[in-house]
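1. here are the coordinates; sequence isn't available:
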């Protein structure tokens with residue numbers, strides 16, 4: 001009996017590994033990241049403000065999409081990616097087959113999705129055996145960003161950027177004084193950083209005013225006298241072509257940061273924005289073959 005049970009657990013692990021390899025192969029062909037979502041990377045983006053203990057709950061296994069610390073060990077469908085997981089995995093599989101009650105797993109809940117804190121192997125066995133629900137100790141994290149089925153870090157970053165743009169528009173109503181068609185970021189955190197640029201510009205304008213100017217007036221001045229001149233530099237030198245998938249607004253932010261770094265690192269406060277832009281392209285721009293690789297990747301990637 002024990003020999004049969006050990007044989008069956010061995011077969012189950014081989015089946016799970018085979019499914020994991022197939023998923024990895026298909027995701028590689030489609031240029032997808034096969035890893036589970038990392039809780040640390042996700043929370044770094046969405047920045048939850050509070051957590052609430054919900055106690056022991058029965059949760060759907062197919063709603064578990066990430067892990068706190070073992071996201072490199074399992075595929076996004078929770079199949080094992082490494083043979084060294086075999087011992088622990090097979091012992092849990094044997095317990096499952098002999099109806100031994102295992103302790104609840106521990107998870108974080110984000111929206112309707114879950115990230116494993118403890119119990120990754122139990123989730124992997126459950127997924128392989130077709131178990132639909134599992135008991136879990138749940139801690140809920142609040143989030144303004146809605147996670148979606150099949151979400152990757154790439155699509156999550158885009159959701160965060162969309163959310164930050166929405167917040168900027170709702171708070172400052174820039175359509176009345178800025179051409180928002182010319183302002184578009186692709187990386188999280190840049191809309192709040194742009195607001196800081198405008199506030200610094202507002203501070204300097206106020207040095208020569210008796211009354212403080214409104215944010216809208218400062219933003220209009222920043223757009224005409226700071227932002228657009230740098231955008232025109234980017235267009236004149238054709239910089240955007242060497243940064244595939246990025247926007248003029250991305251380059252504006254990166255060049256301004258690089259300009260500031262150059263002035264501080266060289267001690268030369270007279271470094272021009274033209275020099276900074278060309279130096280940034282030289283250091284970080286993508287060459288011909290890199291651009292071809294990116295185009296190839298975009299064609300064959302679904303997301």
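-> Thanks, I have the structure now. Note that the structure is predicted; figures quoted are calculated from it, not measured.
2. Okay, buried residues for stretch 103-114 please.
-> 104-105, 107-110, 113-114 (16 or more other Cβ atoms under 10 Å). Quick note: C-beta positions are derived from backbone N, CA and C, even for glycine.
3. ok, how many other residues are close to residue 90?
-> By other Cβ atoms under 10 Å, the residues close to residue 90 number 20.
4. didn't it look like it was pressed against residue 11?
-> No: contact status for residue 90 versus residue 11: not in contact, 9.8 Å apart, counting by Cβ atoms under 8 Å.
5. nearest to residue 196, of the buried residues of stretch 103-114?
-> residue 110 (28.0 Å; Cβ to Cβ).
6. for the record, mean pLDDT for stretch 27-35?
-> On average, the pLDDT along stretch 27-35 is 66.
7. What of stretch 79-87?
-> Stretch 79-87 comes out at a mean pLDDT of 93.
8. Quick check: buried residues in that stretch?
-> 79-81, 85-86.
9. Quick one: end-to-end length of it, please.
-> One end of stretch 79-87 to the other measures 15 Å (Cα to Cα, to the nearest Å).
10. What of stretch 210-217?
-> 15 Å.
11. next one: that stretch to chain centre, how far?
-> From the chain centre to the centre of stretch 210-217 is a distance of 36 Å (Cα atoms, centre = their mean, to the nearest Å).
12. All the strands of the protein, residue numbers only.
-> 37-38, 51-60, 64-67, 105-110, 113-118, 133-141 (DSSP state E).
13. Name the strands paired with the first one and say parallel or antiparallel.
-> Think strand 37-38. With DSSP bridges as the test, strand 37-38 is paired with strand 64-67 (parallel).
14. tell me the mean pLDDT for the strand it pairs with?
-> 94.
15. got the contact list for it?
-> Residues outside strand 64-67 that contact it (Cβ atoms under 8 Å, 6 or more residues apart in numbering) are 36-39, 42, 73-74, 76, 78, 107, 113-116, 120, 123, 147, 151.
16. Select only the buried ones of the residues you listed in PyMOL?
-> Of the contacts of strand 64-67, the buried ones go into a single PyMOL selection, burial set by 16+ other Cβ under 10 Å:
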select buried, resi 36+37+38+39+42+73+74+76+78+107+113+114+115+116+120+123+147+151
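17. can you list the weak-confidence ranges in this structure?
-> 1, 28-34, 287-303 (pLDDT under 70).
18. let's see 50
-> 302-303 (pLDDT under 50).
19. All the helices of it, residue numbers only.
-> 2-29, 39-46, 86-97, 120-128, 153-172, 190-206, 215-222, 228-236, 248-266, 273-284, 288-300 (DSSP state H).
20. quick one, domains of this structure?
-> The chain breaks down by the TED database into domains covering 1-141, 153-292.
21. Burial-wise, tell me which of the ones you listed comes out on top.
-> domain 1-141 (a mean of 17; mean count of other Cβ atoms under 10 Å).
22. re the thing from before, list just the nearest of the buried residues of stretch 79-87 to residue 202.
-> residue 81 (51.3 Å).
23. sorry, back to before: right, and the helices of the chain - which one's nearest residue 68?
-> Across the helices of the chain, closest to residue 68 is helix 39-46 (Cβ to Cβ), at 4.4 Å.
24. which residues touch that closest one?
-> 66-68, 71, 108, 110, 115, 117, 141, 143-145, 147, 153, 156-157, 160, 188.
25. Relative to the whole chain's centre, how far out is stretch 146-157?
-> For stretch 146-157, the distance to the chain centre is 7 Å (Cα atoms, centre = their mean).
26. Any idea how far apart the tips of it sit?
-> Span of stretch 146-157 from end to end, Cα to Cα: 12 Å.
27. Contacts made by it with the rest, please.
-> With Cβ under 8 Å, 6+ apart, stretch 146-157 has contacts from 32-33, 37-38, 41-42, 45-46, 65, 110-113, 145, 159, 187-188, 303.
28. Likewise for stretch 182-194?
-> Outside stretch 182-194, the residues touching it (Cβ under 8 Å, 6+ apart) are 45, 157-158, 160-161, 164-165, 167-168, 174, 227-228, 231, 245-250, 253.
29. before we move on, back to that, can you add distance to residue 217 and give the buried residues of stretch 79-87 back as JSON lines?
-> Converted to JSON lines, the buried residues of stretch 79-87 look like this (distance: Cβ to Cβ, whole Å):
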{"residue": "79", "distance to residue 217": "57"}
{"residue": "80", "distance to residue 217": "59"}
{"residue": "81", "distance to residue 217": "56"}
{"residue": "85", "distance to residue 217": "61"}
{"residue": "86", "distance to residue 217": "66"}
